[in-house]
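Peer 1: Model the structure of this input:
(chains A, B, C and D)
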Number of protein chains: 2
Amino acid sequence: MRFIATIKDIAKYLGVSVSTVSRAMNNHPDIRQETKEEVLEAMRKLNYTPNAVARSLIQRKSYTIGLMLPDITDPFLSAVAHGVEEVLSDGGYQVVYGNTSKRREKEYNFMMGAAQRKMDGLIVTSDFMDREMIDLIKRLDIPVVFMRRRPPEELEMPFVDVDHYKGSCQALDYLLSLNHTRIGFIGMPETSYTGKERYRAYLDTLSKNGLTPPPQSRVVGEKTYASGYESMGRLMKAYPEMTAVFAANDILAIGALEWLAEQNISVPGRISVVGFDNLEVSDLHWIKLTTVAQPRKEMGRKAAELLINMVQEDGLSPPSILLDTELIIRRTCAPVR
Amino acid sequence: MRFIATIKDIAKYLGVSVSTVSRAMNNHPDIRQETKEEVLEAMRKLNYTPNAVARSLIQRKSYTIGLMLPDITDPFLSAVAHGVEEVLSDGGYQVVYGNTSKRREKEYNFMMGAAQRKMDGLIVTSDFMDREMIDLIKRLDIPVVFMRRRPPEELEMPFVDVDHYKGSCQALDYLLSLNHTRIGFIGMPETSYTGKERYRAYLDTLSKNGLTPPPQSRVVGEKTYASGYESMGRLMKAYPEMTAVFAANDILAIGALEWLAEQNISVPGRISVVGFDNLEVSDLHWIKLTTVAQPRKEMGRKAAELLINMVQEDGLSPPSILLDTELIIRRTCAPVR
DNA sequence: CTGAAAGCGCTTACAG
DNA sequence: CTGAAAGCGCTTACAG
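Peer 2: Predicted coordinates:
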């Protein structure tokens, strides 16, 4: 272990009190300019780095924010994380990142860690919001902003999200404008908030247009290409009259496109496909997926900004933010023939 | 601010000393089983959570590890991060993630933060390793493992990486085995270690086979589809006799494939393409890129394991780890005609 | 403007 | 087995 200078060392070195050193490095007004410069100089000379954990202990502020995600490998979420990191690190906060793999236990542990580590705030895309988890969050007593899901009612906390419902309606309305009436849906599991919203939009938009999708028009998959591929196969078999499909996310949509390509089913000739997310891959030459774009990085930035405000102004409960989606028309949709 | 119980509160509540409470929660042997249970019970009743920052201060151990990456949005790196997080969180460490965007200043700030926050260790994919940065790392005096680059010589620290040189040779040898002799190279900027290694392999392998690539056979791009696309255009123009191209990463390769497809240049009929990374997209139906796979998540896991060992056994300097690559043959290469 | 003292919430020898 | 005391490295009233 090498010698590490503390505030005492530099006080001793200069023959001043630790209070003076502290004041010098914290830009406290009650200090003579000259003294301050001497101290700063000594700090440099002794290679002094202030100990942030000691400071945290006394200030009850750790300048760390927790970011809880189900899977950083998901291109959507990694973009969000990028946005979060950008504004947080600019604001002097460090971001502690936790991957939950959608496992309740990992979510719980992360929250517990946040409590013990005295994190200043949390950005959370939680999947499990049962009694115990809600109580934990309450007990934490720190600002939390939710992402991609609404907070439970009794938790008065803001969220940042995109309007999944409205965004999905855009996609469906577009399909309808192309005269499709037999539209299939490849969705996400019921547990996911976004999955539910996108499905609700599907149902509502169709029924608003006097259409009642048959039960076999919907199929559920995971967020993988393989699942999209396999889901498309199932859907086509169950609902062969279908002329268009709305996939709840781009990964699923692209998997579906793969299946269609392999079966030599023409897109958009025979089947139109719309996705949701507008991932980078979706714009690739062979894919050119028509989809609904969400401002992913922006979402992360907004969440971080909101949280910083809450951390800085204690008790502040700013309004939630609903970002706009945009329909990106590319080449996977055509009028029904 | 709500009331938050401290160790003192629970000591007072029970009429015991704080030492006793401390011993109870830290599984110290010197405590009666009964007393211990009473304490644990009280902790639960008072909703007590130990303050990890106080503990860190005294133990000089924060149970946090820094992970510095240029861009979490890069699918390769997000997989690495995922592996890192998995083993670190299982080991009770929290991971503080810093995005550097390849900016020296952000790297520097992150390192500084690591020093102040008394992080226990660092996993680092650094781009800038000048004098000042090296001194900073030395000054940190904590275990560091490097990823995707070698540490500067004077820093005796291990790294975890794939053998980019050997991996690239696999790709080139394969092309050579298909009788290609006019092979182009789409590379990465000189600043990147991996870029240099892959280029070196290109040069060596060709010359080992009596081939001397003309200067115009090499073109340099960024890690984006657009850059791959544009690079391929330049390369084709500069080196039209070329029958195959080795792209230093899959993103570049896929961008190149896009350009080729758009120009109706047959792959692998007229041009063979090999990439490096084996991203998920590379296996998509329309792409089926022949490429060199690296175990990305594994890489993260190994780095984390190495680091935990170093943190736990002070002064330990374990050997570096070089993981194997694997040539994945798909559909973008064919024998030269 | 400067310093001495108390204290943040813990852990850890040291006595008993 | 238990407790009193010192101390981790800082900040922050409080005096002067």
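Peer 1: A:Ser17 against A:Ile7, yeah?
Peer 2: No - taking contacts as Cβ atoms under 8 Å, A:Ser17 lies outside contact range of A:Ile7: 10.0 Å. Glycine gets a C-beta too; all of them are placed from N, C-alpha and C.
Peer 1: what about the two, which has more around it?
Peer 2: A:Ile7 (18 against 12; other Cβ atoms under 10 Å in any protein chain shown).
Peer 1: Could I get the contacting residues of that one?
Peer 2: By Cβ atoms under 8 Å, 6 or more residues apart in numbering or on different chains, the contact set of A:Ile7 is A:Val18, A:Val21, A:Ser22, A:Tyr48, A:Pro50.
Peer 1: Quick check: the gap between A:Thr205 and A:Leu175.
Peer 2: 9 Å (Cβ to Cβ, to the nearest Å).
Peer 1: who's more crowded, these two?
Peer 2: Neighbour comparison, A:Thr205 and A:Leu175: the larger count goes to A:Leu175, with 24 against 21 (by other Cβ under 10 Å).
Peer 1: surely A:Pro158 meets A:Pro319?
Peer 2: Yes - in this structure, A:Pro158 is within contact of A:Pro319 by Cβ under 8 Å, at 6.4 Å.
Peer 1: okay, the two: which has more neighbours?
Peer 2: For A:Pro158 versus A:Pro319, neighbours defined as other Cβ under 10 Å are more numerous around A:Pro158 (21 against 8).
Peer 1: burial of the residue lying closest to the more buried one once chain neighbours are set aside, as a residue count?
Peer 2: Closest residue to A:Pro158 apart from its sequence neighbours, by Cβ to Cβ, 6 or more residues apart in numbering or on different chains: A:Ser320 at 4.3 Å. When neighbours are defined as other Cβ under 10 Å, A:Ser320 has 16 of them.
Peer 1: Likewise for A:Met147?
Peer 2: A:Met147: 22 neighbours (other Cβ under 10 Å).
Peer 1: Could you give the bridge partners of it?
Peer 2: Taking DSSP bridges, one obtains A:Val160 as the residues bridged to A:Met147.
Peer 1: List the residues that contact it.
Peer 2: Here A:Met147 is in contact with A:Val80, A:Ile123, A:Val124, A:Thr125, A:Phe159, A:Val160, A:Asp161, A:Met299, A:Gly300, A:Ala303 (Cβ under 8 Å, 6+ apart).
Peer 1: Just to be sure, A:Gly167 is in a helix?
Peer 2: Yes - under DSSP: H, G, I helix; E, B strand; the rest coil, A:Gly167 falls within a helix.
Peer 1: For it, which non-adjacent residue is spatially closest?
Peer 2: Closest to A:Gly167 by Cβ to Cβ, 6+ apart is A:Thr325, at 3.4 Å.
Peer 1: thought that neighbour was touching A:Val162?
Peer 2: Yes - assessed by Cβ under 8 Å, A:Thr325 is found in contact with A:Val162 at 5.4 Å.
Peer 1: overlap in contacts of these two?
Peer 2: A:Gln294.
Peer 1: Okay, buried residues for stretch A:326-337 please.
Peer 2: Residues of stretch A:326-337 classed as buried by neighbour count (16 or more other Cβ atoms under 10 Å in any protein chain shown): A:Leu327, A:Ile328, A:Arg330, A:Thr332, A:Cys333, A:Ala334, A:Val336.
Peer 1: Check whether it comes into contact with chain B.
Peer 2: No - for a cut-off given as Cβ under 8 Å from any Cβ of the partner chain, stretch A:326-337 has no contacts with chain B; the smallest distance is 13.0 Å.
Peer 1: before we move on, the earlier item: closest to A:Pro213 out of the buried residues of stretch A:326-337?
Peer 2: Set against A:Pro213, the nearest of the buried residues of stretch A:326-337 by Cβ to Cβ is A:Val336 (15.4 Å).
Peer 1: That closest one looks like it's in a helix, true?
Peer 2: No - if the criterion is three-state DSSP, then A:Val336 is coil and not within a helix.
Peer 1: Who are the contact partners of it?
Peer 2: A:Leu178, A:Asn179, A:His180, A:Thr181, A:Thr243, A:Ala244, A:Ser272.
Peer 1: Could you look up the SS state of the residue in the stretch 151-300 of chain A that DNA strand D sits nearest to?
Peer 2: Across the stretch 151-300 of chain A, the shortest distance to DNA strand D (Cβ to the nearest atom of the strand) belongs to A:Met157, at 26.9 Å. Look at A:Met157: counting by three-state DSSP, its state is coil.
Peer 1: Correct me if wrong: it contacts A:Arg149.
Peer 2: No - between A:Met157 and A:Arg149 there is no contact under Cβ under 8 Å: 11.2 Å.
Peer 1: quick one: A:Val292 is in a strand?
Peer 2: Yes - under three-state DSSP, A:Val292 falls within a strand.
Peer 1: Who is it paired with across the strands?
Peer 2: Bridge pairing for A:Val292 - DSSP bridges - gives A:Phe276, A:Leu327.
Peer 1: now the helices for the stretch 201-337 of chain A?
Peer 2: A:225-238, A:250-262, A:296-312 (DSSP state H, counting those that start in this stretch).
Peer 1: Need the winner for burial among the ones you listed.
Peer 2: A comparison of the helices of the stretch 201-337 of chain A by mean neighbour count, using mean count of other Cβ atoms under 10 Å in any protein chain shown, puts helix A:250-262 on top with a mean of 25.
Peer 1: Which strands and helices lie in contact with it?
Peer 2: The contact analysis (3 or more Cβ pairs under 8 Å, 6 or more residues apart in numbering or on different chains; DSSP states H and E) places helix A:250-262 against strand A:183-187, helix A:225-238, strand A:244-247, strand A:272-277.
Peer 1: Check whether the third one comes near chain B.
Peer 2: No - for strand A:244-247 and chain B, the contact criterion (Cβ under 8 Å from any Cβ) is not met; the two come no nearer than 15.2 Å.
Peer 1: How far off centre is that strand?
Peer 2: With Cα atoms, centre = their mean, to the nearest Å as the basis, strand A:244-247 stands 24 Å off its chain's centre.
Peer 1: contact partners of it?
Peer 2: In contact with strand A:244-247 (Cβ under 8 Å, 6+ apart) are residues A:168, A:171-172, A:175, A:178, A:180, A:182-186, A:202, A:228, A:232, A:235, A:253, A:256, A:271-276, A:333, A:336.
Peer 1: Return only those of these found close to DNA strand C.
Peer 2: Among those, no residue lies close to DNA strand C (Cβ under 7 Å from any atom of the strand).
Peer 1: Does whichever strand or helix holds A:Val96 reach chain B?
Peer 2: For A:Val96, the element it lies in under DSSP states H and E is strand A:94-99. Yes - where contact is defined by Cβ under 8 Å from any Cβ, part of strand A:94-99 touches chain B, namely A:Gln94, A:Val95, A:Val96, A:Tyr97, A:Gly98, A:Asn99.
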